[in-house]
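> Give me a model of this one.
(one chain, ligands or ions: 1)
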Amino acid sequence: MPVVIALLITASLLVFVAYPLLAGEEASAHLSTLPVDVTPQVDLKNRRLVLYENMRDLEFEYQAGKIAQEDYEALREEYTAHAARLMAASQGLLRTSPEDALIEQEVARRRNRRRQATTDYVCPKCGYENPLPVKFCGECGQKLKSRS
Ligand SMILES: [Zn+2]
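Got it, this is the predicted structure:
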């Protein structure tokens, strides 16, 4: 049973560590358009980032031989438990937050629009997907239907 719990914590830690990397540009672009007041969501995120920093520092100091093995393990366990709690709190918010539903909606809308934009410039003659709104196909010169 403790093994299962340890695995669960490890899994959520992985997600926690990987999330800022995976979230990438799209997520940060969206965040920058949100109001700047600190919502519970943002607060949790900030705390996660701080914790992440601490964990990285701990890792560095251990690698550099500045921390004894048992101190390192104790601290890491503490951080891991903390991360798991923040993670759980964050997911609790995700499930209920109406703000998040709005973000999801906006993401879907933009994705849809982008997909539409590319198909608008697909050449009817040769099938080439022109990357920009152009009047003539970049591949075969066929006149494309104008949108305006
Ligand atoms: Zn063409």
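> can you list the residues of this structure near the ion?
Within reach of the ion by Cβ under 5 Å from the ion, the chain has these residues: 123, 125-126, 128, 137, 139-140, 142. For the C-beta atoms, the positions are set from N, CA and C on the backbone; glycine is no exception.
> May I see those organised as JSON lines, with secondary structure, neighbour count and pLDDT added?
Below are the residues of the chain next to the ion laid out as JSON lines (DSSP: H, G, I helix; E, B strand; the rest coil; neighbours: other Cβ atoms under 10 Å; pLDDT from 0 to 100):
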{"residue": "123", "secondary structure": "coil", "neighbour count": "19", "pLDDT": "86"}
{"residue": "125", "secondary structure": "coil", "neighbour count": "12", "pLDDT": "90"}
{"residue": "126", "secondary structure": "coil", "neighbour count": "12", "pLDDT": "93"}
{"residue": "128", "secondary structure": "coil", "neighbour count": "14", "pLDDT": "86"}
{"residue": "137", "secondary structure": "coil", "neighbour count": "20", "pLDDT": "88"}
{"residue": "139", "secondary structure": "coil", "neighbour count": "13", "pLDDT": "89"}
{"residue": "140", "secondary structure": "coil", "neighbour count": "11", "pLDDT": "94"}
{"residue": "142", "secondary structure": "coil", "neighbour count": "13", "pLDDT": "90"}
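> Can you tell me which of the residues you listed comes closest to residue 44?
residue 128 (46.1 Å; Cβ to Cβ).
> need the contact list for the closest one.
122, 137-140 (Cβ atoms under 8 Å, 6 or more residues apart in numbering).
> Could you do residue 101 as well?
Counting by Cβ under 8 Å, 6+ apart, residue 101 has no contacts.
> Show me the helices in the chain, by range?
Counting by DSSP state H, the segments of the chain that form helices are 2-32, 40-63, 69-96, 98-119.
> Check which residues of the shortest one are buried.
Pointing back at helix 98-119 there. Residues of helix 98-119 classed as buried by neighbour count (16 or more other Cβ atoms under 10 Å): residue 103.
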